[in-house]
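Peer 1: no sequence for this one, just the structure:
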């Protein structure tokens, strides 16, 4: 197999949660462009239908915290084939000082950002193991998977946990053909980071810390997603790939 062929996702199937906007949409587009048949999932039926039409994907409106088995049943029925790849891009944010952090928001972030991707990968992994099939599970971490920032204690906890889940699943499943990895995006302008981009002081402070001197374009995450999903990464598992313009290296 040529190197070009190893990067191809032709014949592969993928599910992308949070795929109707922002980073999830950009990565879903990358998977489609690489040849995969992709199901995008989001809560808004209108948004997911519009995205699916734009990308040439299949759209499913669903709450990722609700019923992972049903979601996978629906996705595989729509595809007419089992899933090879899952990319967990659904996520939420809440900013508040640690001493005042709302317990309900804490639970909400853990449920959506950490428990839901584990439960979905757990169910998909079980199916892949039963079939004796390989797979690639891609989690979306953050700079806060390895460092801390103020006002986002719950988000930091969930993204640290996501990296832990990827390592744990890799330890248990990689010997049976299922790889688990994570991507840690730096600063990209999305709804989750809008509070930073609209605060002039924080904007300047963030920009000054990025050696490349600019924020990321969501499309610049597609390469990492395609790589981790493809056979080009067949010996790469349990890792966190940081795409941050050099922030954490500086």
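Peer 2: Structure received. Quick caveat, the model's predicted, so the values are computed rather than measured.

Peer 1: so what's residue 3 scoring on pLDDT?
Peer 2: Per-residue pLDDT puts residue 3 at 89.

Peer 1: what pLDDT, on average, does the longest helix anywhere in the chain get?
Peer 2: Ordering each helix of the chain by length in residues (DSSP state H) puts helix 153-173 first. Average pLDDT, helix 153-173: 98.

Peer 1: same for the helix or strand just after that helix, what does it pack against?
Peer 2: Following helix 153-173 in sequence order, the next helix or strand is strand 178-185 (DSSP states H and E). Other helices and strands packing on strand 178-185, by 3 or more Cβ pairs under 8 Å, 6 or more residues apart in numbering; DSSP states H and E, are helix 116-131, strand 135-140, helix 153-173, helix 222-229, strand 240-243. (C-beta placed from N, C-alpha, C; glycine too.)

Peer 1: what are the pairing partners of strand 178-185, and which direction each?
Peer 2: strand 135-140 (parallel), strand 240-243 (parallel) (DSSP bridges).

Peer 1: I'd like to check the angle between that strand and helix 116-131, please.
Peer 2: 160 degrees (axes from the mean of the first three to the mean of the last three Cα atoms, to 10 degrees).

Peer 1: State the next helix or strand along the chain beyond strand 178-185.
Peer 2: Later in the chain than strand 178-185, the nearest helix or strand by DSSP H and E is helix 194-197.

Peer 1: How many neighbouring residues does residue 133 have?
Peer 2: Neighbour count for residue 133, taken as other Cβ atoms under 10 Å: 14.
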